[in-house]
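*Asks:* structure of the sequence below:
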Amino acid sequence: MVSLAALQVAGVRYNSPWTQIILVGLVAFSSVGIFSAVGGLGAGGTQDVQLVDISSSVLYATFAITGFFAGSVNNILGPRLTMSIGTTGYAIYLGSLWSFQLHGTRWFVILAGAILGVCGALFWAAQGSIMMAYPLEKDKGRSFTVFWAIFQLGTLIGAAIALGIQFHSTLPGVSTGVYVTFLIIQLTAIGTSWLVLPPQAVVRKDGSLVELEPNVSPRAEFRAFLGMFKDWRLLVLFPMFFSSNYFYAYQGALTAFLFNGRTRALVSLLTGLGSMLGSVLIGFLLDNLPFARRKRALVTCSIVALLMVGIWAGGLAFQVKFKRGDTVVLGKPLPWDWTVGPAVGPILLLLAYYIIDAAFQGLAYYTMSSLTNDPFKLARMAGYYKGIQSAGSAVSFGIDAVRTPYLNEQLVSWLLTLVSLVLCAYVLYHTRDTNIDVEQTVFVEDLAPEKLEGIRVPDGHEAGAHTTTAEANVGVPVEVEGTTTKAQ
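*Replies:* Next up is the predicted model:
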């Protein structure tokens, strides 16, 4: 067993789900969060929107292909190695943007996009499995909040760094200092990823093990991978997965179109804040509404749909006032600085877009995690999710690269999300209030002491002294196949 699992840090078990989710959040903070901060600057901080659109299309195309298999790679290699490989792509991509700013190397930006597509798929498969499988069922909404808030804190701090460097600059692009600072931060993620534990070393608060067996064999994994495509629920969720990042191309192009360099840095900071607020909102709704799990999820889905309608309707009202290629919007020449009066409205609109984006992403993850508690199945689902999500992104960036009218992009993005929420509600209606009764759950009390060598277990749980349902699982009472249990 992994020796690190026996450690305690400040009284917190190193092998508790929350410690591991926080660690994954820190990895994302340093890698994907900084990448998102750069994306929030519009066109990767450059002025060549078309180049970044092409690179992003290549990125998401390779991401889409790799994503389908990334969960299986994670199940064979383990989350630590998978995540470590995954984080390297983010540093390579940022380096390519810096190289373009200095030397105009367009080919490197496109190649780095392809590399990041492969690496990003691996990272998100490992991340999704940990975030969805490690916590108790009653904590799966909060686990998204914790991860997403830490991840988006990287976007927030990265944007704050860029804003500080750019504060007194009115240049249209982003300075070299921003790229150097971000690159150093991203390189730390590779080391942090090696602190993550495999599922068989993690013990939940109720004494249950996340997974007893080590990583699966390639042959068994291949059979399970093919079996995943027979699940009708994943087919119904296809539109939700496809649309979950589709709108980023439109929003990024809008940011680059409207604002100068320092205002784009401010927008990036505020969108990071919006994502954090959205993650808190969705986590609270999913875990704290006074209903059983299925009803909580359905009510939350309805709330997200209403917010989606309101925010995107506001976006439509703004979008009809200008079109792509305009040099003057609302009577003010472009690009706008934040001191320009009309800039306030679209800045707040972009903030709202990212609030609902985080809520939408959280609902997607929660829906998957409601289908099973098995970390291997969830890794495959996470890869499937990110693969389809990236296919949607590839399409949207490709559409933006050929200068499709902004209004068309806005309406398609909005329609896709609304249709997908209806289908998500259909899947949630057919989920169970708990999966404990239909999936094997192993507690430390069930195991011989030698099986737990090197693993730190929660207080009050001893090997060989089996107890019934753990107190940590107590939630809303629900009826499951004739017996009363507790919704986790």
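*Asks:* I'd say L428 and C301 touch.
*Replies:* Yes. L428 is within contact range of C301, at 6.1 Å (criterion: Cβ atoms under 8 Å). In this view, the C-beta of every residue, glycine as well, is placed from N, C-alpha and C.
*Asks:* buried residues in stretch 395-409?
*Replies:* 395-401, 404, 406, 409 (16 or more other Cβ atoms under 10 Å).
*Asks:* got a list of what the closest residue to L102 other than its chain neighbours touches?
*Replies:* Of all residues not flanking L102 in the chain, T176 sits nearest, at 7.1 Å (Cβ to Cβ, 6 or more residues apart in numbering). Counting by Cβ atoms under 8 Å, 6 or more residues apart in numbering, T176 touches 98, 101-102.
*Asks:* out of these, who's nearest L423?
*Replies:* Among the contacts of T176, W98 lies closest to L423 (Cβ to Cβ), at 41.1 Å.
*Asks:* how much space separates that closest one from I157?
*Replies:* To I157, W98 is 19 Å away according to Cβ to Cβ, to the nearest Å.
*Asks:* more neighbours: these two, which one.
*Replies:* Between W98 and I157, counted using other Cβ atoms under 10 Å, the more crowded position is W98 (23 against 18).
*Asks:* how far is the helix or strand containing the more buried one from where the chain is centred?
*Replies:* Per DSSP states H and E, W98 falls inside helix 79-103. Its chain's C-alpha centre and that of helix 79-103 lie 18 Å apart, by Cα atoms, centre = their mean, to the nearest Å.
*Asks:* what residues of the following helix or strand past that helix count as buried?
*Replies:* Counting by DSSP H and E, the element after helix 79-103 in chain order, helix or strand, is helix 106-133. By 16+ other Cβ under 10 Å, the buried positions in helix 106-133 come out as 108-133.
*Asks:* tell me the one of the contacts of T176 nearest Y365?
*Replies:* Y365 has its nearest neighbour among these in W98, at 32.1 Å by Cβ to Cβ.
*Asks:* how about the contacts made by the nearest residue in space to N260 that is not next to it in sequence?
*Replies:* Sequence neighbours aside, P335 is the residue nearest to N260 in space, at 4.3 Å (criterion: Cβ to Cβ, 6+ apart). Counting by Cβ under 8 Å, 6+ apart, P335 touches 172, 257-260, 263.
*Asks:* who does the helix or strand harbouring Y365 touch, helix- and strand-wise?
*Replies:* In this assignment (DSSP H and E), Y365 forms part of helix 344-369. Secondary-structure packing of helix 344-369 (3 or more Cβ pairs under 8 Å, 6 or more residues apart in numbering; DSSP states H and E): helix 106-133, helix 140-166, helix 238-243, helix 248-258, helix 261-288, helix 293-319, helix 375-401, helix 406-429.
*Asks:* which residues are in contact with Y354?
*Replies:* Taking Cβ under 8 Å, 6+ apart as the test, what Y354 contacts is 270-272, 274-275, 278.
*Asks:* just the buried residues of those.
*Replies:* Buried among the contacts of Y354 by 16+ other Cβ under 10 Å: 270-272, 274-275, 278.
*Asks:* JSON lines for the residues you listed, including pLDDT and distance to L285?
*Replies:* JSON lines is the format used below for the buried ones among the contacts of Y354 (pLDDT from 0 to 100; distance: Cβ to Cβ, whole Å):
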{"residue": "L270", "pLDDT": "87", "distance to L285": "23"}
{"residue": "T271", "pLDDT": "86", "distance to L285": "21"}
{"residue": "G272", "pLDDT": "83", "distance to L285": "21"}
{"residue": "G274", "pLDDT": "93", "distance to L285": "17"}
{"residue": "S275", "pLDDT": "92", "distance to L285": "16"}
{"residue": "G278", "pLDDT": "96", "distance to L285": "11"}
